[in-house]
Structure formats: C-alpha cells, structure tokens
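*Asks:* Need a 3D model of the following:
(2 chains, ligands or ions: 2)
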Amino acid sequence: MSDVKTPMLDELSGGQWPSFVDQIKQEAVHTPRYNNDMLKQLEISYSDNRGHWKHGGLVGVTGYGAGIIGRYTDIPNEVPGVAQFHTVRVIPPTGLYYTTEALRFLMGIWNKYGSGLMNLHGTTGDIIFLGTRTNHLELMWDELAAAGWDLGGSGSSNRTPSACLGKSRCDAACIDTMDLIHNITNHVMDELHRPAFPYKFKIKASGCPNDCVAANARSDLAIIGIWKDDIRINAAELKNYFAKHKDPKQGFDMVNHVALMCPSRCIEVDVNAETLNIRNGECVKCMHCINVMPKALHVGEDTGAVILMGAKAPIVEGALMGTVLVPFMKMDKDDDYQDFKDLLEKTWDYWEENGQNRERIGETIQRVGLAYFLQQLELEPNPNQINAPRDNPYIFYDEFFDEEEEAAG
Amino acid sequence: MATVEEVAECMFKEVEQFSGKKRFKPGDLIKHVQKELGADKDQAKLAIRALTEDGRLVYSYFGGTWLELPYQEGAAKG
Ligand code: SF4
Ligand code: SF4
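*Replies:* Ligands and ions are numbered 1, 2, ... in the order given. So this is what the prediction gives:
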C-alpha cells in the first residue's frame, strides 16, 4: 500500500464495498511515480473543493484524431508525477469476452507505459487506461497495434460501438448483436479514428427490449432487437408455472405477477383451466412476461430490430431518450447489414451538413423537427414514431384534408 | 476531378493561411474543398488521412475536434 497521507480520502475506504482509494494505493506500489502524486492531487481536490484536471490539447498518436484524451494537472509543481496523465481508450472485444491471456497482455502494457490503473469499462464501453505521459504514447501504441488491438473513439467522432452479449448467452436475443457490432465497428473505423462530425456519435445494440446496454438512453443510434410475430409458448413449461402458482410455498402468482403487470393488459390467465392467452397485436414488447416466465414464453421467430435515434446524457443541453426512426428493420447478415449501413450513411450526410457545432443528432432532430428530418432521410412517417398522442386539441385536420383534396384536383 | 494530393494541398493552404487566427474543424475543411475543387467527401476524408499521417496537420481537442498545424501540446501550456 502507498504510504502517502490522505486522511480525507481514507474515509472513503470504510464500509463494506471495494474502494477506489484502496485500489489506487495498492497499484501505487507498482507505479508510485504516477499514483502517489495522483493520490496527493485527489486529497488536495477534496480539501479545495475543486478538481485540478484540465483536459484536451494536442496529444494523440500519428494519424489518429481519437482514442487519446489529453489530461494535465493545473498544479504541476505540487504533483509533478501527474503533470501529464493522459487517458487511452482501447476497443474491447465485442460482448466483452476476454481470455486471461488478453487481460494479462493489457495489464502488462499499462504497467509498462502507464499508471497501471484501468477502468473496465468506461461509459463509452471502451477499455480505459488511466494516466500516461506524452512520450510513452507512440511506444505503447506500437505494441498494442502489433498485438491486434486498436484505439477507440473520442472527441467529435463515432464512438466505439457497443453491444450486449446477445446470442452468445441469451435466449431473448432477437438479433446477433455481437456479429452486428463487430461488423459495424469495422465499417466505421475511419469515422472512429478521424473525427469529422459536429459532435460525438454513439451506436449501441441490445439484442432485445430489455436493452441491457441502455442503448435507448445512451446512444445517438440505438439498435434494439424485436420480433413481429407472436410470443412463443412452451405448453409443457407453462404447466410447470401453473404448478408453481398453485403451490403457496413457491410465492409465484400468475395473475398478479404476470397478467396484471402486463402494461397493455393483453394477457389472460385462467388458473383453473391452466390456459394463458396473449393478444399479441396489443403487446408492446416490454419483456415483462418473458422475463418472469423465461422457460414458458419466448420472443417470436420473425425477428429484426427497431432503430431509435437521438438519445444523450445532459452535457450541452438536457438529456434525451431515443425516438423511433424505423419500427422494424431486418438485420440481415447475408446482406452485410446493408439496410442499416445505408441509413447510417444518410444520417451522417445530413448531420455533417446541417448539424451545428457541439450539437448531438437528437438536438438536430429537435431543432429541425422530426417530420422534416424523416423527409431528409427519405423515411416514411409511421405511427410508431409518435412518442405520445397529441395533447393540443386546437389543431384541426379538416383544412389539411381540404388542401390535399384540392391538390388532387 | 482533383486528385487526393491536390485536395490535401488545398486543405493545408487554408489552415496555414489562417494559422493563429482561425481554427478549422474537419467538416469545415471538407466543405472548403467541396466548394473550391468540387471534391467529394471520400476524397476529402482521404486527404485528411494523408495530411495527419504525414504529420502536416494534427488533431487537437478544445471543446470539439480541430485540425491544426503541429505545435506544442495545447492544454500543457497552462
Ligand atoms: S439486451 Fe436482451 S438479448 Fe441482450 S443481454 Fe440483455 S436480455 Fe439478453
Ligand atoms: S411482453 Fe409485455 S406487453 Fe407483451 S404480453 Fe408480455 S407483458 Fe404484455
């Protein structure tokens, strides 16, 4: 453990949860040059009530405009060990599966060239290496690249796309998110490494509406697996759930825990006749019934994805959730996901041309209006794109219909 | 149709001419060569790639990504 005195930070070491303070102090044994001064700076920040990091600048590796985030202390005389403390983002394997060999390699690289502190994974989904100096960057990069790793996105670029583990482990997956995101990541390499957008752009894919990567809240372009046909019912397993329902020790209630919690109330359960019916046309794909009865209920077979656009966390403007752009798109491996790639290109073309500086695509859509944006992307309007029914009763449609009739002659 | 080298040269001249007075986002340079030379977007992207790989222009980040002539580390200056 580091012997730097940090009385204020030490309070964060109490309690039953792992503490980042302990972890930094442990790592400081291997890389004292960075981490002792990092601890000192953190302690100073806690007593000053303000951060001492500045970020930005000109650091990077040759030819790339992304992947390295320049970070400096504003008190270099007090903490020279972190005068430069740059962050490096590395693209993780899709679905976040690692071999121990790969993890050891990454840790070895970072002990050699950096502070040894890593964050798996940052909010971007990347492997985050925290803290190195400018003159180590190219050396580290040469070794990483030679071993087949690549840098992730940062700045006004397409950020590293991310996916849930999808079909590799999950019954609910309607699309092969790992294959899709691996394919798309390779397709967007230039946009990832050479930022040319008005601002950042994130793509995330979840295999089903459970949306484990929170694509609908955290990505400019969300791909969420969905099905069009009926929820499949396994009759034998359904019988077992009724047996559970009838056994008071099991605490499982088909009426209260399943049917009455369906947001569209489209499930009918008859516990005496042991039947369960779903009015699939009214199902809003919330996943509740499938999640609570995973052995008996399964997503349908006619699968694809809903594409949403515009979600973001509050940075320049407030937070936004995604808006449905395409209610159903086949994610066709054999066609190399061409429909999705065409939509992506059109979106970028429009946004690069019309987006304002530091304006996320969701804000662009808000500024120009969804109807106009759909027109520009040559997408058909669809009732599924409506977020909520209109609440202004003073819009009269008669005149629109009259105009249309007149135009039709 | 201009070559990628000509497109790159046109971008470089624009950055050089306004060095210290104006900053350019990659998108600004793409629009500039589209207007000046009728270059297409793919050509413009290849030109940026060539310029940055040769180190004639470097990327910087100050509340957004910019392309500039190489000089000392920005935020390091204080
Ligand atoms: S989003 Fe759906 S498919 Fe992906 S891991 Fe979660 S439950 Fe499984
Ligand atoms: S998925 Fe949700 S909306 Fe659809 S039937 Fe099940 S509980 Fe109801």
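
*Asks:* Can you pull out the low-pLDDT segments for the chain?
*Replies:* Here I'm looking at chain A. Across chain A, residues meeting the criterion (pLDDT under 70) sit at A:389-393, A:395-401, A:403-404, A:409.

*Asks:* Chain B is the one I meant
*Replies:* B:72-78.

*Asks:* And the helices in the stretch 51-200 of chain A, which stretches?
*Replies:* Using DSSP state H, counting those that start in this stretch, the helices of the stretch 51-200 of chain A run over residues A:100-113, A:134-146, A:177-187, A:189-193.

*Asks:* I'd like to know which of these lies nearest to ligand 2.
*Replies:* helix A:177-187 (19.4 Å; Cβ to the nearest ligand atom). The way it works is simple: take the backbone N, C-alpha and C, and place the C-beta from them, glycine included.

*Asks:* Can you name the residue of the stretch 51-200 of chain A nearest to ligand 2?
*Replies:* Minimum separation of the stretch 51-200 of chain A from ligand 2 (Cβ to the nearest ligand atom) falls at residue A:172, amounting to 10.7 Å.

*Asks:* residues touching the nearest residue to that residue once chain neighbours are set aside, list them.
*Replies:* The shortest distance from residue A:172 to any non-neighbouring residue, by Cβ to Cβ, 6 or more residues apart in numbering or on different chains, is to residue A:208 (4.1 Å). Contact criterion Cβ atoms under 8 Å, 6 or more residues apart in numbering or on different chains gives A:170, A:172-174, A:224-226, A:287, A:299 as the residues in contact with residue A:208.

*Asks:* Need the buried ones from the residues you listed selected in ChimeraX.
*Replies:* The command below creates a ChimeraX selection of those among those that count as buried (16 or more other Cβ atoms under 10 Å in any protein chain shown):
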select /A:170,172,173,174,224,225,226,299
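
*Asks:* center of chain B - which residue?
*Replies:* Nearest to the centroid of the C-alpha atoms of chain B, with distances taken as Cα atoms, centre = their mean, sits residue B:67, at 4.8 Å.

*Asks:* where does it land in three-state SS?
*Replies:* Three-state assignment for residue B:67 (DSSP: H, G, I helix; E, B strand; the rest coil): strand.

*Asks:* Please work out how many residues are found near the residue lying closest to it once chain neighbours are set aside.
*Replies:* The spatially closest residue to residue B:67, leaving aside those adjacent along the chain, is residue B:57, at 4.8 Å (Cβ to Cβ, 6+ apart). One way to gauge burial is a neighbour count; for residue B:57, by other Cβ atoms under 10 Å in any protein chain shown, it gives 26.

*Asks:* Next, the contact list for residue B:57, please.
*Replies:* Under the contact definition (Cβ under 8 Å, 6+ apart), the residues listed for residue B:57 are B:11-12, B:15, B:48, B:51, B:67-70.

*Asks:* can you tell me which residues contact the residue in the stretch 51-200 of chain A that chain B sits nearest to?
*Replies:* Ranked by Cβ to the nearest Cβ, the top residue of the stretch 51-200 of chain A for proximity to chain B is residue A:65, at 3.2 Å. Shown in contact with residue A:65 (Cβ under 8 Å, 6+ apart): A:155, A:157, A:193-195, B:26, B:52, B:59, B:65, B:67.

*Asks:* TSV please, covering those and showing distance to residue A:213.
*Replies:* What follows is those, written out as TSV (distance: Cβ to Cβ, whole Å):
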residue	distance to residue A:213
A:155	22
A:157	19
A:193	22
A:194	25
A:195	22
B:26	28
B:52	31
B:59	28
B:65	25
B:67	32
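
*Asks:* From these, list the ones also adjacent to ligand 1.
*Replies:* Restricting the contacts of residue A:65 to those touching ligand 1 (Cβ under 6 Å from any ligand atom) yields no residues.

*Asks:* Please tell me I have it right and residue A:288 contacts residue A:260.
*Replies:* No - Residue A:288 is beyond contact range of residue A:260, at 10.6 Å (criterion: Cβ atoms under 8 Å).

*Asks:* quick one: secondary structure of residue B:59?
*Replies:* The three-state label given to residue B:59 by three-state DSSP is strand.

*Asks:* Next, count neighbours for it.
*Replies:* By the criterion of other Cβ under 10 Å, residue B:59 has 26 neighbours.

*Asks:* how about the nearest residue to it, chain neighbours excluded?
*Replies:* Nearest-residue entry for residue B:59: residue A:65, 3.2 Å, with adjacent residues in sequence omitted and distances by Cβ to Cβ, 6+ apart.

*Asks:* what's around residue A:218, how many residues?
*Replies:* The number of residues packed around residue A:218, counting by other Cβ under 10 Å, is 21.

*Asks:* correction: residue A:248
*Replies:* By the other Cβ under 10 Å criterion, the neighbourhood of residue A:248 contains 8 residues.

*Asks:* now do residue B:63
*Replies:* The number of residues packed near residue B:63 is 12, by other Cβ under 10 Å.

*Asks:* part of a strand, is it?
*Replies:* No - assessed by three-state DSSP, residue B:63 does not belong to a strand; its assignment is coil.

*Asks:* wait, isn't it in contact with residue A:155?
*Replies:* No - between residue B:63 and residue A:155 no contact is recorded; they are 9.7 Å apart, counting by Cβ under 8 Å.

*Asks:* can you pull the contacts of the residue in chain B positioned nearest to ligand 1?
*Replies:* Nearest residue of chain B to ligand 1, counting by Cβ to the nearest ligand atom: residue B:65, 31.4 Å away. For residue B:65, the contacting residues are A:65-66, A:155-157, A:195-196, B:25-26, B:59, by Cβ under 8 Å, 6+ apart.
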